[in-house]
Every structure is written in structure tokens, then in C-alpha cells.
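Asker: Following is a predicted model, sequence given first.
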Amino acid sequence: MENIVIETRNLRKVYTSKERVGLFKSRTKRVEALRGVSLNVYENEIFGLLGPNGAGKTTLIKILTTLLIPDEGWARVLGFDVVRQADEVRKRLGVMLMGERALYWKLTGRENLEFFGSLYKVPGDILRRRIQEIIDFLGIQDFVDRLVETYSSGQKVLLAFAKALVNDAPLIFLDEPTVALDPARSIEIRRKIKQLREEGKTIFLTTHIMNEAEELCDRVAIIDEGKIVAMGTPNELKKTLRGMSALEADLFGNNLNPLVDQIQRIEGVNRVAVSYETTERGTICRLRILCDSPRDVLPYVIELILQNKLRIHYIKPTEPTLEDVFLYYTGKLLR
């Protein structure tokens, strides 16, 4: 049997806050961030967690890394309970959380690594050797001895990644590890993540980049509105679409909501979603349509686009991707 590294059962977490509804009145707002999350992560796998903003990803990671206490349910990491044995869990984790507050800006990158390594009580000679290995591994020699306040966003991401490796932990949490990196650096970091797995590490990964999840992850869980709605290997998840295909179109325009509503009513269309990107040529709207037969649907889609007086940059049928799985289960695009 495979060794279980992370095990959760029925995790629930509710946030409450006061919301003003009048000059002298307020009401309690209740948000269920996690609604009964159960999953296993196995030794030496790269496990991906995908979900839109507000889906519960950050809450789940914070519980697994002992930064939050669940309201119900339990979680064990490397055999230790995250509430009752939090210190034992922390000793065995490397954690890269999204955001830059985990770094000290008035220190150099190397000084940050030395400081965090000392918190893990790594002996001095081993720590210095380990830090140099990490610097070489990630290729951050050019800026590691500069003050962090002078770093670009991408350089801060790389240093946060380096910090997650400083204690040589068997389990590493990577929250958006390639955010703010240029394409060449992103490719290199993905290669490094695979290398860490080859060295025996277990990786718990979040990402908004679907091809990154497909390339890296042995298994993926999709979380939406605090629930795990699908879980499996990327290929297993794509097979759940049961023969559906997709149409993708880039259109020039500002508001596609009327078009989306019209396309959704076409027979054979299952899901429609849109994302927007601002370019020098104007706003490009990317339309993703999950349907039974692109060949049957395409003429109706083109007709509706023209009726709405939108310009087509390109339109084409595509093979189902993990993006389509996400769209099918959540009704949204991840990007």
C-alpha cells in the first residue's frame, strides 16, 4: 500500500464577520470556506489543488501547515495531527505561500535563507552548504546577496521557493510557484519541481496555469465553494467529459455576457465561460465552449458572434483539456 503523507477527513472551516446594514445596525456574515473536505496525498507524488479565488485553497493549505485550526474534522500530515502535534508537523514541512510578506525586505536573500534555516535549527556548516546548493539549484546567484527590497516580483518568488527548501523537508507546499515569472524561468522551475520529486520529495501544489497542472501533477483535486468536486489523474478527469469537445474563440469586444447567454441556449452546448485580456489592440475576450459536437455548434456560434457585432481574432475546435474539466465542474475558467 502507498504511504499516505497527507490525510484529511471532513474538514470544515467557517469565517464570521460583522457587516454594517444601517447607521446603527450590523449583522453577522458567515462564510463556509471549507465544507467537508476529505483527501489523501501519497508519498513521492505531485498533488495539485485547483480552484477559483475564494474556493477554499488558501484555507486548506493553512490548516495543513498548522496556520489555522479547523472547526470540524481532522487532518494528519506525515502521521501527525495538525492540531495536537503542530510542532512535529512544522519541523517536517517546506512552505512557499503566495505573497511576499514571508520575506524580510531589509535583509539580503542569503541572510533570509540563513535566518529561516536557523529557525529549523539546521547546524551552521550544514546550513551554509545547503544554502549554496539551493542557490545553485535555482540559479539565483545574480541577486541572492542583494537586499530583498531591490528584488523584482519574480526574484521574490524564486527566493520564497528557495526558503521552502532550506530545511530539506520531505513534504513541500508550493502556492503558485511560477506566478510573476517569465516563460523561460517558469519552464525551468517546473523542471526543478520534477527533479525534487525524483529526489523523493512529496509536493502539494496550487496553480492557476492549467498546462502547468497537466505537466506536473500526478493527481489533481478541483475545489469549488469549499468542496472537492473532482479528483484524479489529469487523464482520468478528462475522461469524465464523456466524449465532449471544446470550441475556443478570441474576440474583440467589451461585454460578452449577452453572447454567452445566447450560446448557452444552443442545443449540444454544456458550458460556456469567458475571460478578458487587455492588449495594445484592445480588449480580447477568450470564449471557451464545452459541447457535444463542435462541428454542429460552430455555425450557430459564428452567426451569434456576428449578430452581436463582435470581431473574431480566431475560432477553432480543440481537444478537451484540464481547463475543460474545470469548466465542466465549476462553470468557470481558472485563469
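Answerer: Ah, there it is. Numbers count the residues shown, from 1 in each chain.
Asker: what about the helices in the stretch 51-200 of the chain?
Answerer: 57-64, 86-91, 109-119, 124-138, 153-165, 183-198 (DSSP state H, counting those that start in this stretch).
Asker: I'd like to know which of these is closest to L241.
Answerer: helix 57-64 (23.0 Å; C-beta to C-beta). (C-beta placed from N, C-alpha, C; glycine too.)
Asker: For that closest one, list every residue counted as buried.
Answerer: By 16 or more other C-beta atoms under 10 Å, the buried positions in helix 57-64 come out as K57, T58, T59, L60, I61, K62, I63, L64.
Asker: My understanding was that the fifth one contacts L93; is that so?
Answerer: This means I61. No - look at I61 against L93 with C-beta atoms under 8 Å: they stay out of range, at 10.7 Å.
Asker: Find residues that contact each of the two.
Answerer: F173 (C-beta atoms under 8 Å, 6 or more residues apart in numbering).
Asker: Could you dump the helices of the stretch 51-200 of the chain into JSON lines with distance to I223 added?
Answerer: Shown next, in JSON lines, are the helices of the stretch 51-200 of the chain (distance: least, C-beta to C-beta, whole Å):
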{"stretch": "helix 57-64", "distance to I223": "6"}
{"stretch": "helix 86-91", "distance to I223": "21"}
{"stretch": "helix 109-119", "distance to I223": "29"}
{"stretch": "helix 124-138", "distance to I223": "29"}
{"stretch": "helix 153-165", "distance to I223": "22"}
{"stretch": "helix 183-198", "distance to I223": "20"}
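Asker: just so I have it, where are all the strands in this protein?
Answerer: Counting by DSSP state E, the chain has strands at residues 4-20, 26-42, 46-50, 72-77, 80-81, 93-96, 171-175, 202-206, 219-224, 227-232, 245-252, 269-279, 282-291, 311-318.
Asker: which other residues reach the last one?
Answerer: So that's strand 311-318. Against strand 311-318 from outside (C-beta under 8 Å, 6+ apart): 245-253, 284, 294-295, 298, 301-302, 305.
Asker: picking that back up, present the buried residues of helix 57-64 as a markdown table; the columns should include distance to V260 and pLDDT.
Answerer: A markdown table is the format used below for the buried residues of helix 57-64 (distance: C-beta to C-beta, whole Å; pLDDT from 0 to 100):
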| residue | distance to V260 | pLDDT |
| --- | --- | --- |
| K57 | 26 | 93 |
| T58 | 28 | 91 |
| T59 | 30 | 95 |
| L60 | 30 | 96 |
| I61 | 32 | 95 |
| K62 | 34 | 95 |
| I63 | 35 | 97 |
| L64 | 36 | 98 |
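Asker: So which of these is the closest to E19?
Answerer: T59 (19.6 Å).
Asker: you'd agree that closest one is up against E32?
Answerer: No - assessed by C-beta under 8 Å, T59 is found out of contact with E32, at 10.0 Å.
Asker: So for the two, which residues contact both of them?
Answerer: Common neighbours of T59 and E32 (C-beta under 8 Å, 6+ apart) are K13.
Asker: I appreciate the help and will end here.
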